[in-house]
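J.: just coords:
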């Protein structure tokens, strides 16, 4: 207390009253002063910092701030050079000084030494530090081109022509430079449209390798995220599909040396002359490049296109086996799966491969486009050229094949089969004739769309509207049509935005494909093509009023040779007139007599289903398993004046286990009754 009082009285004589307490605590506190409170002054200990190795001509910092043991003494500092090529020290009287490293000779580093003297006015101390100056680590550029081998089809799509194998650039893929020892990624870039890549400022004399990832990554607008993965995993608990292994190609390690390096890398087919005898490393990159072409085609029309992430699954084990098991590679066929935005492609060399069937790949990507940029009401399922299909399926398949022809600039769709064989088939987007022609035929839809785009006159299709109006309709009115997505909704909306000359071209193309242009509307109201007078084809939409009245309508499997359930007349379309805003009780009762069953699973009894929509939105559905009726169910509130659509089906036509003697035609009574 006495020492504190004496100190306070001294400082109070010199400073304003408002600062007295602060100064006393700073100058006289037990731990705050260098020589107060009974703590003797300690001599400073100079600390010039750790020795350094720096590059020539770089700015070098000298740091002596760790030299005050009392952390508060008033110290003086002095830096002086004691050895090496003379340099100018900046701030030599400060704790922290600096200088510019001199130029030195390659392979002959030079060491500079500096002494720091620190004093507190009573005692002083010195320390030295060494700074080694050397030429910076030499750097080089590693650049080159990455390619994949592409195998074209033989004439008339009769298998793959391995003798015609040619290199193509891997475009837009991620290229990594990897440390060969640690596996660390040293740098990453993206190949350009000629397959070129470059890494600059790479350390010389370093063992590295190139790695190409089977992915397309582009943030921003336009932007995309595409990955090619192996779906096959037969472990008891496989990871989610999106976490399955991504395909990569790694080159042999090489030394970066002392000069710029050119390093090319090619993903090869693995074909040994009669069979595959080495890894098929080209496959994932051929798939990726087909998708790149499809996206570039879209971007050429819409530079702001944003592509939702897409996973592509391919494996040498992917085979068209049913029933399906994706984890085992049993995928049934190549297909697009909309619930997870993924493509699945065949790769079994003994049965069917798709990696070089670029039209097949872009066809499946066309389904991805329809699903994400437009709207797809297609019910999918097995189908073959020449079949009379449900019109939603016919449009989806025709659109996808036409899109592949447009995007790839090639009207011939080739689907080859067993590698090394002459198996396969082709579809001409602008020529050929098939059994079924009309609004229910995928080939008619294909040729209708492609001939509007194509500027080559094969006879009767002079003129071209280009892709832009097709894109505008697909991304606009087709996505929001009140009807199901068919060639009628597409053609109607397209016609409405075309000038008269192009409207005439559209009408002519409809006529060429045996579709009625007069009175064209989204419902196909005036369509005259009734599949040669087959029953239950017309009308395409049957009107029903939601007032309790009963409509009898029939589902007919006359065009279904299997149990696909996706052929013309199996799903019957309804257009529902709603007189009052209300909820409605829906009943569906089978009126076709079915015999008493001896089948314990009741596979010879009717099982009707109904699905009700407002545009693309599913409003209500009746899908119960009861025999010969759909239990009455109640809809949400339906709004008067709005248009609702529905389709009714006989589920037995989808049921592979249904009795082989099940009737080809089954009829139902349907009613929509306002709630009491």
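T.: Thanks, I have it. Since the structure is predicted, the reported quantities are computational estimates derived from the model, not experimental observations. Numbering: from 1, shown residues only.
J.: okay, and the beta partners of residue 202?
T.: Beta-bridge pairing of residue 202 under DSSP bridges involves residue 140.
J.: could you verify my assumption that residue 511 touches residue 517?
T.: Yes - at 6.0 Å, residue 511 counts as touching residue 517 under the criterion of CB atoms under 8 Å. In short, each C-beta sits where N, CA and C put it, glycine included.
J.: these two: who's more crowded?
T.: residue 517 (17 against 13; other CB atoms under 10 Å).
J.: which ones are touching the more buried one?
T.: 506-508, 510-511 (CB atoms under 8 Å, 6 or more residues apart in numbering).
J.: ok, now residue 80?
T.: 89, 92, 114-115, 117.
J.: that one belongs to a strand?
T.: Yes - using DSSP: H, G, I helix; E, B strand; the rest coil, the assignment for residue 80 is a strand.
J.: what residues go with each domain of the protein?
T.: Domain assignment for the chain, taken from automatic domain parsing, gives 1-40, 52-134, 383-529, 541-674.
J.: and these: which comes nearest residue 371?
T.: The minimum distance between residue 371 and those falls on domain 383-529, with 9.2 Å, by CB to CB.
J.: follow-up on the earlier one: who wins for neighbours among the contacts of residue 80?
T.: Neighbour-wise, the contacts of residue 80 (other CB under 10 Å) top out at residue 114, 25 neighbours.
J.: now do the SS call for it.
T.: strand.
J.: isn't it right up against residue 127?
T.: No - contact criterion CB under 8 Å: residue 114 and residue 127 do not qualify, at 9.4 Å.
J.: what is in contact with these two at once?
T.: Contacts common to residue 114 and residue 127, judged by CB under 8 Å, 6+ apart, are residue 48.
J.: need the contact list for residue 231.
T.: Contacts of residue 231 (CB under 8 Å, 6+ apart): 241, 244, 313-315, 318, 326-327, 329, 331, 344.
J.: can you say which of the contacts of residue 517 are buried?
T.: Buried by 16 or more other CB atoms under 10 Å: 506-508, 510, out of those.
J.: dump the residues you listed to a markdown table, plus pLDDT and distance to residue 307.
T.: Output for those, formatted as a markdown table (pLDDT from 0 to 100; distance: CB to CB, whole Å):
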| residue | pLDDT | distance to residue 307 |
| --- | --- | --- |
| 506 | 97 | 29 |
| 507 | 97 | 34 |
| 508 | 95 | 34 |
| 510 | 97 | 31 |
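J.: sort out for me which of those are in strands.
T.: Assignment to strands by DSSP state E places none of the buried ones among the contacts of residue 517 there.
J.: which one of these is nearest to residue 446?
T.: For these, the nearest to residue 446 is residue 510 (13.6 Å; CB to CB).
J.: give me the nearest residue to the closest one, chain neighbours excluded.
T.: residue 517 (4.4 Å; CB to CB, 6 or more residues apart in numbering).
J.: am I right that the one you found is in a strand?
T.: No - under three-state DSSP, residue 517 sits outside any strand and is assigned coil.
J.: and it, how far is that from residue 630?
T.: 38 Å (CB to CB, to the nearest Å).
J.: list the contacts of residue 620.
T.: Applying CB under 8 Å, 6+ apart, the residues near residue 620 are 586, 612, 633, 635-636.
J.: quick one, strands of the stretch 451-600 of the chain?
T.: Under the criterion DSSP state E, counting those that start in this stretch, the stretch 451-600 of the chain contains strands at 541-545, 550-556, 571-577, 584-590.
J.: just put the ones you listed in CSV and tack on mean pLDDT.
T.: Compiled in CSV, these are given as follows (pLDDT from 0 to 100):
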stretch, mean pLDDT
strand 541-545, 98
strand 550-556, 98
strand 571-577, 98
strand 584-590, 98
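J.: which stretch among the ones you listed comes nearest residue 108?
T.: strand 571-577 (85.0 Å).
J.: partner strands of that closest one and their direction?
T.: Counting by DSSP bridges, strand 571-577 is paired with strand 541-545 (parallel), strand 644-650 (antiparallel).
J.: could you point out where the stretch 401-550 of the chain is predicted with low confidence?
T.: For the stretch 401-550 of the chain, residues meeting the criterion pLDDT under 70 lie at 432-434, 460.
J.: list the buried residues for stretch 291-310?
T.: 291-295, 297-298, 305, 307, 310.
J.: what ranges do the helices span in the stretch 301-450 of the chain?
T.: 358-373, 391-408, 442-453 (DSSP state H, counting those that start in this stretch).
J.: what's the closest of the ones you listed to residue 474?
T.: Per CB to CB, nearest to residue 474 of these: helix 358-373, 6.6 Å.
J.: for the closest one, what is the average pLDDT?
T.: What helix 358-373 shows for mean pLDDT is 98.
J.: and if you look at stretch 303-319?
T.: 98.
J.: what residues are bridge-paired with the nearest residue to residue 168 once chain neighbours are set aside?
T.: What sits nearest to residue 168 in space, not counting adjacent residues and going by CB to CB, 6+ apart, is residue 150, at 4.6 Å. For residue 150, the beta-bridge partners are residue 166 (DSSP bridges).
J.: wait, what's in contact with residue 250?
T.: Neighbours of residue 250 in contact, by CB under 8 Å, 6+ apart: 178, 209-212.
J.: give me the phi and psi angles of it.
T.: Taking degrees, to the nearest 10, you get phi -120, psi 140 for the backbone angles of residue 250.
J.: beta partners of it?
T.: According to DSSP bridges, beta-bridge pairing links residue 250 with residue 211.
J.: how near is it to residue 210?
T.: For residue 250, the distance to residue 210 - CB to CB - is 7 Å.
J.: cool, and residue 648?
T.: 58 Å.
J.: same check on residue 493?
T.: Between residue 493 and residue 210 the computed distance is 49 Å (CB to CB).
J.: same check on residue 55?
T.: In terms of CB to CB, residue 55 sits 28 Å off from residue 210.
J.: which one's more surrounded, those two?
T.: residue 210 (22 against 13).
J.: OK, contacts around that one?
T.: Counting by CB under 8 Å, 6+ apart, residue 210 touches 144, 146, 175-178, 250-251, 263, 265.
J.: which of those residues has the most neighbours?
T.: Neighbour max across the contacts of residue 210 (other CB under 10 Å) = residue 146, 25 neighbours.
J.: that residue reaches residue 212, doesn't it?
T.: Yes - Residue 146 is within contact range of residue 212, at 5.6 Å (criterion: CB under 8 Å).
J.: okay, and the common contacts of those two?
T.: In contact with both residue 146 and residue 212: 170, 173, 175, 191, 265, 267, using CB under 8 Å, 6+ apart.
J.: could I get those residues as a markdown table with distance to residue 566 and secondary structure?
T.: As requested, the shared contacts of residue 146 and residue 212 are exported to a markdown table (distance: CB to CB, whole Å; DSSP: H, G, I helix; E, B strand; the rest coil):
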| residue | distance to residue 566 | secondary structure |
| --- | --- | --- |
| 170 | 38 | coil |
| 173 | 37 | strand |
| 175 | 43 | strand |
| 191 | 41 | coil |
| 265 | 45 | strand |
| 267 | 38 | strand |
